[in-house]
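Enquirer: Requesting a structural model of the entry that follows:
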Amino acid sequence: MDWEYEDSGVLGRLVVRLIAVMVLGALGGSIQSVHAQGPTEYQVKAAFLSNFAHFVDWPSNAFPTEHAPITIGVLGDDPFGSALEEVVAGKLVDGRAFEIKRFRKVEDIKTCHILFISSSELKRLAVHFDDLSQRGILTVGDVDRFAEYGGVISLVLVGNHVRFEVNVWAADKAGLKISSKLLNLARAVVQWPRVEAG
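Expert: Sure thing, here's the model as predicted:
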């Protein structure tokens, strides 16, 4: 199955084309070769994670130095394999490179800017959100209703399209500013946690 980006509106198409170009570049393949093999679901989700960095402003104290890397972390079981390393190789955002870290527990997280919380952590989501909510971390997940539980961005599948939902309440609580361009592309924008996690 080929995983695709769903777009809506003129602005949406422009931004999605930009993201698609970045995805193709990050995956190191031409349009022809990507269409021939098709990226996997988690290659596409890895591209989303790295490209979110273009549309988020972190608190001023989130980076110790001007060129400190943007850390993408995975909490719990890692569904990406090598896809995260491949998609960020040689990539810079505002002069910052990326580094990838994997964490078995929240207590291990010292520095992280974008954190994918795996489905293996579903029963602990409420505790994780309490621990992480004010640490300036963009939390991302793909479990059902992740954004409604209190995560910042939820990756959702609609047919064979990867879409996303944004919880602006959770983003504000974390001290993150989400670009209006990204919000305009979101499938849904949540203003508060609507359900209790776990």
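Enquirer: Please tell me how far Gly150 sits from Gln191.
Expert: 12 Å (Cβ to Cβ, to the nearest Å). The way it works is simple: take the backbone N, C-alpha and C, and place the C-beta from them, glycine included.
Enquirer: Then Leu157?
Expert: 23 Å.
Enquirer: now the helices for this protein?
Expert: 9-26, 31-37, 41-52, 83-88, 125-132, 146-149, 168-173, 180-185 (DSSP state H).
Enquirer: list the contacts for the residue minimising distance to the centre of the chain?
Expert: Nearest to the geometric centre of the chain sits Leu49, at 3.2 Å (Cα atoms, centre = their mean). The contact partners of Leu49, by Cβ atoms under 8 Å, 6 or more residues apart in numbering, come to 72, 84, 87, 114, 116, 140.
Enquirer: Isn't the fifth one up against Val140?
Expert: Yes - with the criterion set as Cβ atoms under 8 Å, Phe116 and Val140 qualify as a contacting pair; they are 5.1 Å apart.
Enquirer: Show me which of those two is the more surrounded one.
Expert: Regarding Phe116 and Val140, a neighbour count based on other Cβ atoms under 10 Å identifies Phe116 as having more, with 29 against 23.
Enquirer: So the more buried one versus Phe52, what's the distance?
Expert: 10 Å.
Enquirer: which residues are common contacts for these two?
Expert: Counting by Cβ under 8 Å, 6+ apart, the residues touching both Phe116 and Phe52 are Val140.
Enquirer: returning to what we had before: give me the common contacts of Gly150 and Gln191.
Expert: Contacts common to Gly150 and Gln191, judged by Cβ under 8 Å, 6+ apart, are Asn167.
Enquirer: between the two, which one's more packed in?
Expert: Gly150 (25 against 10).
Enquirer: Let me see the backbone angles for that one.
Expert: phi 130, psi 0 (degrees, to the nearest 10).
Enquirer: Going forward, the N-terminal residue is numbered 856.
Expert: From this message on, residue numbering opens at 856, which makes the last subject Gly1005.
Enquirer: if I look at Gly928, how far off is Cys967?
Expert: Taking Cβ to Cβ, one finds Gly928 at 4 Å from Cys967.
Enquirer: more neighbours, these two?
Expert: Cys967 (25 against 22).
Enquirer: give me the number of residues near Asp986?
Expert: 15.
Enquirer: got the end-to-end distance for stretch 918-935?
Expert: Its start and end residues considered, stretch 918-935 measures 25 Å (Cα to Cα, to the nearest Å).
Enquirer: Buried residues, it. List them.
Expert: 918, 924-931, 933-935 (16 or more other Cβ atoms under 10 Å).
Enquirer: now stretch 941-958
Expert: In stretch 941-958, counting by 16+ other Cβ under 10 Å, buried: 942-943, 946, 948, 951, 953-958.
Enquirer: same question, stretch 1031-1044
Expert: In stretch 1031-1044, counting by 16+ other Cβ under 10 Å, buried: 1031, 1033, 1037, 1040-1042.
Enquirer: same check, this time on stretch 982-998
Expert: Counting neighbours by 16+ other Cβ under 10 Å, stretch 982-998 gives 983-984, 987-988, 990-998 as buried.
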